[in-house]
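**Student:** With the sequence up front, the predicted model follows.
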Amino acid sequence: MSPTNSPTAPRVIDSLNVTTPSDTEIEIVRDFDAPRALVWDAYTKPELLRRWLGCMPGWSWDVCEVDLRVGGKYRWTWNGPNDQQLGITGIYREVVPVERIVNSERFEQPWYPGEALNTLLLAERGGKTTVTTRMKFETKEGRDGALKSGMTKGMALGWSLLDALLATVAS
């Protein structure tokens, strides 16, 4: 996907609908065959997060801390091949149970300058849940850096693992 100065038409990448609504934003939408409450749990409970988020080949979870309340902090870290480490931290700005989370995001090993403000929206229809993730970066360079990092490939992998988790948790 080549970033532009104007909003892009939707592009489907491994079942993700990815757009850039502005110079500083990325929006990613994907549907899950599971009720919203179950998807919410997978996003907010450490024991479920560890089973799908950031599960990249050769990487293992190190820290999964979630203080899910306005002003609460989260920190997720992974250990990878060749002593690589990856860490993400932030603060929850808004929490509307089973519907919406707004949080800051900063990589401990900067992949892009500054931080992002992420909004997660969950909408259910007919027992299926649409997840919309909007990331607002401080700069266009931050947005473009995130796009070039392979972020959407990582999200596609994570969400395919989330699909499998939701199927096992639902049964």
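**Tutor:** Now that the structure is in, tell me what you want to look at. Residues are numbered from 1 along each chain as shown.

**Student:** Now do the strands in the chain.
**Tutor:** Using DSSP state E, the strands assigned to the chain run over residues 11-13, 16-22, 25-32, 60-66, 73-79, 85-96, 100-107, 116-125, 128-137.

**Student:** Work out the gap between the longest one and the centre of the chain.
**Tutor:** Right, the one you point to is strand 85-96. Averaging C-alpha coordinates over strand 85-96 and over its chain gives two centres that are 10 Å apart (Cα atoms, centre = their mean, to the nearest Å).

**Student:** Burial check on Pro97, number of neighbours?
**Tutor:** Pro97 sits with 10 neighbouring residues when counted by other Cβ atoms under 10 Å. All C-beta atoms are positioned from the backbone trio N, CA, C, and that covers glycine.

**Student:** same deal with Glu27?
**Tutor:** Using other Cβ under 10 Å, the number of residues around Glu27 comes to 20.

**Student:** Who does it form a beta bridge with?
**Tutor:** Per DSSP bridges, residues listed as beta-bridge partners of Glu27: Thr19, Arg134.

**Student:** Now do the contacts for it.
**Tutor:** Glu27 is in contact with 18-21, 132-135, counting by Cβ atoms under 8 Å, 6 or more residues apart in numbering.

**Student:** Check Ser60 too.
**Tutor:** Residues counted as contacts of Ser60 (Cβ under 8 Å, 6+ apart) are 78-80.

**Student:** May I see the buried residues of the top helix by length along the chain?
**Tutor:** Using DSSP state H to define each element, the chain has its longest helix at helix 151-170. Applying a neighbour-count criterion of 16 or more other Cβ atoms under 10 Å, one finds 151-152, 155-157, 159, 161-163, 165-166 buried in helix 151-170.
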